[in-house]
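Colleague: Fold the following and give me the result.
(chains A and B)
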Amino acid sequence: MTDDQKEPGPFKKPNDKLAGIQFLPGEDGRLRGEYLDTFAYGEFWHLQTDWQDKVYEQYLPRLTNGEISPLHLYMLLYDMNDKEVSLRTGLRKGLIRKHKTPGGFMKATVRQLIGYGNVFGVPVAAFFCFAHPSMADVRLSVVENRDGTASLVKPGNERNEWNFLRAPTRRSL
Amino acid sequence: MKETNGISFEHRLAAHCETGTTRNILLNHGLDISEAMVFGIGAGIFFGYFHFSNFSFPRVVNRSRPGSFLKCVPKRLGVKGVSRKYWSQARAASELDGLLEQGQAVSLQVDMFNMDYVGNDFRIHANVHFINAIGRDGDTYLVSDAYFPELGRLSRKSMELGRFARGDIKPRGFMYHPVEVPGNPPIEKAVLKGLKDACFYMLRIPVLPLGVKGIRKFADGIVNWPAIAKTDEKLARELLWFAIVMEDMGTGGAGFRYMYATFLQEASELLGIGALLDLSGRMRENGDRWRDLTVRILRMGRSREFDRVRFEELRALIHERADCEEGIFRQLSGEIPA
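Modeller: Here you go, the predicted model:
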């Protein structure tokens, strides 16, 4: 056994309530299942979370500048490509590419947004509220512009902090 | 033994979800066999290296097709059971509810991401997770997940999302439940069939480079990982992910090699073939070398030392594993009585 491997021992709680069982030889030389700490899982998730934080900080300004859509940001955070999202939602890849642009995202239906929410494990509202890294606990909201496009605003810019997304209708256009 | 809505179910932990689920459902129908035995009878040992456009990075698979244990192990043991897939979510839910009301525990295939009782760190999209549904309380299902020491609770919505998740190897509401378990199951015959199938999967699968050929493909493929990953950060995460796939994701250690060694040990005692015990020792040693390799990869990921020389060294080590496994399975193939 190398230093990186954990010695078999009593059951620990390495990850919430998850049990890691490995087959190891006992004192009599017979192989049997033993509880072990997980091997690299904690480290992986630590790295993953760090990486997600970096992606978030890097791409949030692009979201607020109207260069990418919330869907694109989530896809970057979860490291998923168009084909993976298409397989998981049942939507065409072309439609997903369209929804990755801010203008295209505004045209997504609620059903499609629910599909995206199920893939990323978030409610639809999460696509429209983003905490700014420099402003802890402050929400950004999406507002609909007069030309039907969307933009994100920080509280203070608008009288009402709570803005709701409304898909552009023929009348609003 | 836990009493849940009239269903008494003995919940036991396991190294792997599907073998654990199969073992638990058979155990609760009076057939007590070990998890390693389920793995061996189902010929679970395998290796595949896939680089498809569906994945953002090449993936390593070290077990047979998901669902195969629940389908073939009970069959080989002479257990009569019902397995179903559905197009209609409503029908799948009503049939599950009906069986639970009758006091019948049911094995299900789900997406792990939707399991409410799983901690945030473990919430990943994997359509190949298996659980036993053992009771229902209104809109909450009580489930036995072999990875967790306690029984889990699952809302109706999460159950539906999990059972009908889209993507690769979609569950389509897959469920299985035994109907009739024989008093004297033909375990010896099932073990022999499992051994034969394992040799076929590892040595003789035609066309696709799978089994031992898959290990060689992985050896040649890993050299290209820096180019595929593009950034050091992504490569570090993928190397760590490989370590998880080999050690942490319910493999029982060394990508199921230790579990298979345990099976060979049990099979040797059951069939009275001494050579299987020697092969078990060789497989355990092979598992140790796989683990050394994983530790090496883990260290590379930690230190971010991504020289081409290091990847060439890995390539040579993985080829060694392929040669070793080829030797083991060729010998195993010769030892199995016709």
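Colleague: okay, CA-based contacts and neighbour counts for the rest of this
Modeller: Fine.
Colleague: Next up, identify which helix or strand residue 71 is on.
Modeller: Went with chain A since none was named. In this structure, residue A:71 is located in helix A:70-77 according to DSSP states H and E.
Colleague: hm, I was asking about chain B
Modeller: Residue B:71 belongs to helix B:68-76 when assigned by DSSP H and E.
Colleague: quick check: longest strand of chain B.
Modeller: strand B:129-137 (DSSP state E).
Colleague: picking up where we left off before, how about the helix holding residue A:71: buried residues?
Modeller: For helix A:70-77, burial by neighbour count (16 or more other CA atoms under 10 Å in any protein chain shown) applies to A:70, A:71, A:72, A:73, A:74, A:75, A:77.
Colleague: Do I have it right that the fourth one meets residue A:58?
Modeller: No - contact status for residue A:73 versus residue A:58: not in contact, 10.0 Å apart, counting by CA atoms under 8 Å.
Colleague: what about the helices in the stretch 201-338 of chain B?
Modeller: Per DSSP state H, counting those that start in this stretch, the stretch 201-338 of chain B carries helices over the ranges B:212-222, B:225-229, B:232-243, B:257-271, B:274-303, B:308-335.
Colleague: Quick check: which of those is buried the most?
Modeller: Each of these was scored by mean neighbour count; the highest is helix B:257-271, a mean of 24, by mean count of other CA atoms under 10 Å in any protein chain shown.
Colleague: Could you find the residue in chain B that comes nearest to chain A?
Modeller: Here the residue of chain B nearest chain A is residue B:252; by CA to the nearest CA that distance is 3.9 Å.
Colleague: if I look at that residue, how far off is residue B:282?
Modeller: 17 Å (CA to CA, to the nearest Å).
Colleague: Residue B:82 is in contact with residue B:179, isn't it?
Modeller: Yes - assessed by CA under 8 Å, residue B:82 is found in contact with residue B:179 at 7.0 Å.
Colleague: ok so, going back, so the residue of chain B closest to chain A touches residue A:31, yeah?
Modeller: No - at 10.9 Å, residue B:252 does not count as touching residue A:31 under the criterion of CA under 8 Å.
Colleague: what number of residues lie near whatever residue of chain A ends up closest to chain B?
Modeller: The nearest approach of chain A to chain B comes at residue A:22, 3.9 Å away (CA to the nearest CA). Neighbour count for residue A:22, taken as other CA atoms under 10 Å in any protein chain shown: 28.
Colleague: Make sure it is indeed in a strand.
Modeller: Yes - read with DSSP: H, G, I helix; E, B strand; the rest coil, residue A:22 is one of the residues of a strand.
Colleague: Report the buried residues of stretch B:96-108.
Modeller: For stretch B:96-108, burial by neighbour count (16+ other CA under 10 Å) applies to B:96, B:97, B:99, B:100, B:101, B:103, B:104, B:105, B:106, B:107, B:108.
Colleague: Which pLDDT value goes with residue 143?
Modeller: This is for chain A. pLDDT, residue A:143: 58.
Colleague: my bad, chain B
Modeller: 94.
Colleague: do the same with residue B:287
Modeller: Model confidence at residue B:287 (pLDDT) stands at 91.
Colleague: Name the helix or strand of chain A that has the lowest mean pLDDT.
Modeller: Taking mean pLDDT, DSSP states H and E as the measure, chain A has strand A:135-144 as its least confident helix or strand, at a mean of 52.
Colleague: excluding its backbone neighbours, what's nearest the residue of chain A closest to chain B?
Modeller: Spatially, and ignoring its direct neighbours in sequence, residue A:22 is nearest to residue B:252 (3.9 Å; CA to CA, 6 or more residues apart in numbering or on different chains).
Colleague: re earlier: just the ones of the buried residues of stretch B:96-108 in helices?
Modeller: Taking DSSP state H, the ones among the buried residues of stretch B:96-108 that sit in helices are B:96, B:97, B:99, B:100, B:101.
Colleague: Now the two most distant members of those residues.
Modeller: The most widely separated members of these, counting by CA to CA, are B:96 and B:101 (8.6 Å).
Colleague: Any regions of the chain where pLDDT drops low?
Modeller: All of this refers to chain A. A:1-20, A:33-42, A:131-173 (pLDDT under 70).
Colleague: I was thinking of chain B, sorry if that wasn't clear
Modeller: For chain B (pLDDT under 70), the answer is B:1-7, B:121.
Colleague: The helix ranked longest in chain A and chain B in contact?
Modeller: Secondary structure of chain A read by DSSP H shows that its longest helix is helix A:41-64. Yes - on the criterion CA under 8 Å from any CA of the partner chain, helix A:41-64 is in touch with chain B at A:41, A:44, A:45, A:47, A:48, A:51.
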